[in-house]
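Here is a sequence together with a model predicted from it:
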Number of protein chains: 2
Amino acid sequence: MPSPHPMIELWRGGLLESTHTGHAVICDETGAIVESWGDPGAVIFPRSSCKMIQALPLLDSGAAEAHGLTDRQVALSCASHQGAAIHTEAVTRWLADLGLSDADLRCGAHEPYDTAERNRLIKADEKPCQCHNNCSGKHAGFLTLNRHLKGDAEYVEVDHPVQQAAKLAFEEVTGETSPGFGIDGCSAPNFATSVHGLARAMARFAAATGTGDARDRAMHRLTRAMGQYPEMVAGEGRACTELMRAMEGRVAIKTGAEAVFIAIIPERKMGIALKITDGGTRGAEGAITALLARLGVLDPNHPAAKKRLDAVQKNWRGRETGILRAAPSFP
Amino acid sequence: MPSPHPMIELWRGGLLESTHTGHAVICDETGAIVESWGDPGAVIFPRSSCKMIQALPLLDSGAAEAHGLTDRQVALSCASHQGAAIHTEAVTRWLADLGLSDADLRCGAHEPYDTAERNRLIKADEKPCQCHNNCSGKHAGFLTLNRHLKGDAEYVEVDHPVQQAAKLAFEEVTGETSPGFGIDGCSAPNFATSVHGLARAMARFAAATGTGDARDRAMHRLTRAMGQYPEMVAGEGRACTELMRAMEGRVAIKTGAEAVFIAIIPERKMGIALKITDGGTRGAEGAITALLARLGVLDPNHPAAKKRLDAVQKNWRGRETGILRAAPSFP
């Protein structure tokens, strides 16, 4: 079992300060490994990086079409958004279209990451609602599928039809029987797979043509919607949004908690999955940037790339303190 | 060169999700290693974990006494505080006593970690000032020493007498020639040393009796002041404050950015230093908790300990999602 591979390093004053190690796999459309680092068989929780898989039943069941969901909503169903007004307004309207409200969500509430919305709440002495939860778009998607499946209100329980549909889709596209599940931050089950399995799933999304069966059309639409509405998938200043914009929407990427990152690259019919062993987000952002640059789909000198790799670190007075860069043997 | 040792693990749904590896040394008063994990010779930046070393010249030069500093101020000079009112008021008063103001600080401003103070600023449309910087207490100490040394205003420059005094003290107590320095978040130079060197320094603090020379008295006073005013060293809810309270002030501990943690244990005349390789704070907090429990100075069942080790993780709806615990071979 190969050890995790050194991927991203933080240097300060000419000395190595911190190191992120991890596992990464690049897969082609056949599911074969093109290149890997660390252990392709390492079992991980994809966390939010697999939201487009969790959204598959919403699309291939026909629920999305029946409810007339737009591509913007499809992108939002894959989001870990920052609770900015554009996100909460879209979720609120979506719920209203279903005849539902914030109280029907089961994701829980947390302070939004968006500074403007956070400050607005504080000034108004308002508490965040469940719409502010970074997963509320995924949950609006769950509720839409639930309406279609006529399930009960507790749609995040693992034996609920919505989650069983998500599990089936997950095992189909990863090509693996999931060894188990954990409860995610938003209370939904999150199924485990290998890094290879997650990369294989992403290669399948990448190879979808939109002209095949319902699953093929769902994968194609989800990938395109993410690339077309990058601001709905995360938000201003965030890695997913900025890097997808830098690649002009040709590649869909998605972060997950505990330092998972995936990429879907239709023009290469390839998928990437990576996990930084320690769960450090900056490591995952640096590593996906390095791999996208290696595959020639991201300009490493684009400002969005330079913010995450070969990234000069500055302190509160704007002084340069160090640099975040790829480890010598990565990629 | 030993590899970093697995120290802290995050488990979810019965599966290992993330792992923090690192280096740790327990030293006795002779500087000998009592026990170690990983590489004792690993070179690290202590970051804020060495603030009590940076404060040594303030005390052993006689500057603290000449300015009538209280033990509460001495504790604040070692702080990475959260910019709560008790911290900013103490720094503001200290600066005023020196005939100085916020503008004389060179630490830069950042939003305070304290929620009440953060919200107050937002509601009042006020920007944070340099007093809110978590290092402003250390800088008030630097300015006090600077008055004594009659240095110029740019006291964070590495060749300034204040920083040269800090460097000399650092090399003396670590017993090593520092291989270099980096610029810290607060713009002060931060000198590198080995994990062993940092643990050796902490054992010297632990062994100080308060009845010896100026250096001995300085080390003794700093250690006791930290234990006596834990709320000044960090703040409510923070690891340093809560764990020092749990140990009833008998042990001084201090965190540093990029996952460094130290402990000074007078009753055992021992010092601890550790660095989590990836820079993840939760790993450092878990690891220091484990080592303090191992040495019998912290009850592992105290709520402050259980918050950092064998720590049940809950999500936004209060559901249990996992546990943060020590790796099987640690400690």
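Arrived safely, thanks for sending.

Backbone torsions only: list them for A:Lys254.
Main-chain torsions, A:Lys254, degrees, to the nearest 10: phi -150, psi 130.

which residues sit in contact with it?
A:48-52, A:78, A:80, A:226, A:233, A:240, A:261-262 (Cβ atoms under 8 Å, 6 or more residues apart in numbering or on different chains). C-beta: built from backbone N, CA, C; applies to glycine.

Which one of the residues you listed is nearest to A:Asp104?
A:Lys51 (19.2 Å; Cβ to Cβ).

Can you get me a residue count around that closest one?
25 (other Cβ atoms under 10 Å in any protein chain shown).

That one contacts A:Ser80, correct?
Yes - if you go by Cβ atoms under 8 Å, A:Lys51 and A:Ser80 touch, sitting 7.2 Å apart.

Now do the end-to-end distance for stretch A:151-164.
Distance between the two ends of stretch A:151-164: 11 Å, counting by Cα to Cα, to the nearest Å.

Ok, stretch A:242-260 next?
17 Å.

Tell me the buried residues in it?
A:242-244, A:246-247, A:249, A:251-260 (16 or more other Cβ atoms under 10 Å in any protein chain shown).

ok, A:Met202 - contacts?
When contacts are taken as Cβ under 8 Å, 6+ apart, A:Met202 is in contact with A:27, A:262-264, A:270-273.

On the three-state scheme, A:Ile8 is what?
Judged by DSSP: H, G, I helix; E, B strand; the rest coil, the three-state class of A:Ile8 is strand.

In which helix or strand does the nearest residue in space to A:Ala90 that is not next to it in sequence reside?
In space, and not counting its chain neighbours, A:Ala90 is closest to A:Leu76: 5.6 Å by Cβ to Cβ, 6 or more residues apart in numbering or on different chains. For A:Leu76, the host element (DSSP states H and E) is helix A:71-77.

got a list of contacts for that helix?
A:51, A:55, A:58-59, A:64, A:69, A:87, A:90-91, A:94, A:137-138, A:140-141, A:221-222, A:224-226, A:228-230, A:232-233.

rerun at 6 Å
A:55, A:90, A:137-138, A:141, A:225-226, A:228-229, A:232-233 (Cβ atoms under 6 Å, 6 or more residues apart in numbering or on different chains).

In strands, which of the contacts of A:Met202 appear?
A:27, A:262-264, A:270-273 (DSSP state E).

top of those by neighbour count?
Going by other Cβ under 10 Å, A:Ala273 tops these with 34 neighbours.

pretty sure it is touching A:Ile262, no?
Yes - using Cβ atoms under 6 Å, A:Ala273 is in contact with A:Ile262, at 5.0 Å.

quick one: the strands in chain A?
Using DSSP E, strands in chain A cover A:5-12, A:15-28, A:33-37, A:43-44, A:181-183, A:189-191, A:193-194, A:252-256, A:260-265, A:270-276, A:311-314, A:320-326.

is stretch A:160-168 up against chain B anywhere?
No - judged by Cβ under 6 Å from any Cβ of the partner chain, stretch A:160-168 and chain B are separated, with a smallest distance of 13.0 Å.

Now that stretch: buried residues?
Under 16+ other Cβ under 10 Å, the buried positions of stretch A:160-168 are A:160-167.

Which of these fall within helices?
A:161-167 (DSSP state H).

Can I get these in JSON lines including pLDDT?
Putting these into JSON lines (pLDDT from 0 to 100) gives the following:
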{"residue": "A:Pro161", "pLDDT": "98"}
{"residue": "A:Val162", "pLDDT": "98"}
{"residue": "A:Gln163", "pLDDT": "98"}
{"residue": "A:Gln164", "pLDDT": "98"}
{"residue": "A:Ala165", "pLDDT": "98"}
{"residue": "A:Ala166", "pLDDT": "98"}
{"residue": "A:Lys167", "pLDDT": "98"}
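
Run through the residues that contact the residue of the stretch 201-331 of chain A found nearest chain B.
Nearest to chain B, among the residues of the stretch 201-331 of chain A, is A:Trp316, at 2.8 Å (Cβ to the nearest Cβ). Contacts for A:Trp316 were tallied using Cβ under 6 Å, 6+ apart; they are B:108, B:110.

State the distance from it to B:Ala188.
12 Å (Cβ to Cβ, to the nearest Å).

Over to A:Ile122?
In this structure, A:Ile122 and B:Ala188 are 32 Å apart, going by Cβ to Cβ.

okay, those two: which has more neighbours?
Using other Cβ under 10 Å, the more surrounded residue of A:Ile122 and B:Ala188 is B:Ala188, with 26 against 17.

Identify the residues contacting the nearest residue to the more buried one once chain neighbours are set aside.
Excluding the flanking residues, the one nearest B:Ala188 by Cβ to Cβ, 6+ apart is B:Val156, at 4.8 Å. Shown in contact with B:Val156 (Cβ under 6 Å, 6+ apart): B:106, B:187-188.

now the end-to-end length of stretch A:148-168.
17 Å.

now swap in stretch A:243-256 and tell me
First-to-last residue span, stretch A:243-256, Cα to Cα: 15 Å.

Also stretch A:56-74?
Terminal-residue distance, stretch A:56-74 (Cα to Cα): 10 Å.

where exactly do the helices run in chain A?
A:51-54, A:56-60, A:63-66, A:71-77, A:85-97, A:115-123, A:136-149, A:161-174, A:195-207, A:214-228, A:230-233, A:239-246, A:281-294, A:303-306.

for chain B, what are the nearby residues on the stretch 101-250 of chain A?
So far as Cβ under 6 Å from any Cβ goes, the stretch 101-250 of chain A lies against chain B at A:108, A:110, A:119, A:122-123, A:180-183, A:185, A:187, A:192.

Which pair of the residues you listed spans the longest distance?
A:Lys123 and A:Gly180 (43.9 Å).

What pLDDT does the model give the closest residue to A:Asn146 other than its chain neighbours?
Using Cβ to Cβ, 6+ apart and skipping residues adjacent in sequence, the residue nearest A:Asn146 is A:Tyr155, 4.7 Å away. Note for A:Tyr155: predicted pLDDT of 98.

and what of A:Asp278?
98.

residues contacting the closest residue to it other than its chain neighbours?
Distances taken as Cβ to Cβ, 6+ apart put B:Asp278 closest to A:Asp278, at 3.8 Å, once the chain neighbours are dropped. By Cβ under 6 Å, 6+ apart, the residues touching B:Asp278 are A:18, A:20, A:278, A:280.

how does it look with 8 Å?
With Cβ under 8 Å, 6+ apart, B:Asp278 has these contacts: A:18-21, A:276-278, A:280, A:283, B:20-21, B:259.

Save those residues as TSV, and put in distance to A:Ser329 too.
Shown next, in TSV, are these (distance: Cβ to Cβ, whole Å):
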residue	distance to A:Ser329
A:Ser18	17
A:Thr19	12
A:His20	13
A:Thr21	11
A:Ile276	15
A:Thr277	16
A:Asp278	18
A:Gly280	19
A:Gly283	15
B:His20	22
B:Thr21	18
B:Ala259	23
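
A:Leu10: neighbouring residues, count only.
24.

got a list of what it touches?
A:Leu10 neighbours (Cβ under 8 Å, 6+ apart): A:16-19, A:313, A:322-324, B:258, B:279.

for A:Lys138, same thing?
A:48, A:51, A:54-55, A:77-79, A:107, A:186, A:188.

ok, now how distant is A:Lys150 from A:Val162?
11 Å.

repeat for A:Gln228
26 Å.

cool, A:Met247 as well?
32 Å.

which among the contacts of A:Lys254 gets closest to A:Pro303?
A:Cys240 (15.5 Å).

Show me whatever sits in contact with both of A:Ala273 and A:Ile262.
In contact with both A:Ala273 and A:Ile262: A:46, A:49, A:198-199, A:202, using Cβ under 8 Å, 6+ apart.

What is the most widely separated pair among the contacts of A:Leu10?
Farthest pair in the contacts of A:Leu10, by Cβ to Cβ: A:Thr19 and A:Gln313, 15.0 Å.
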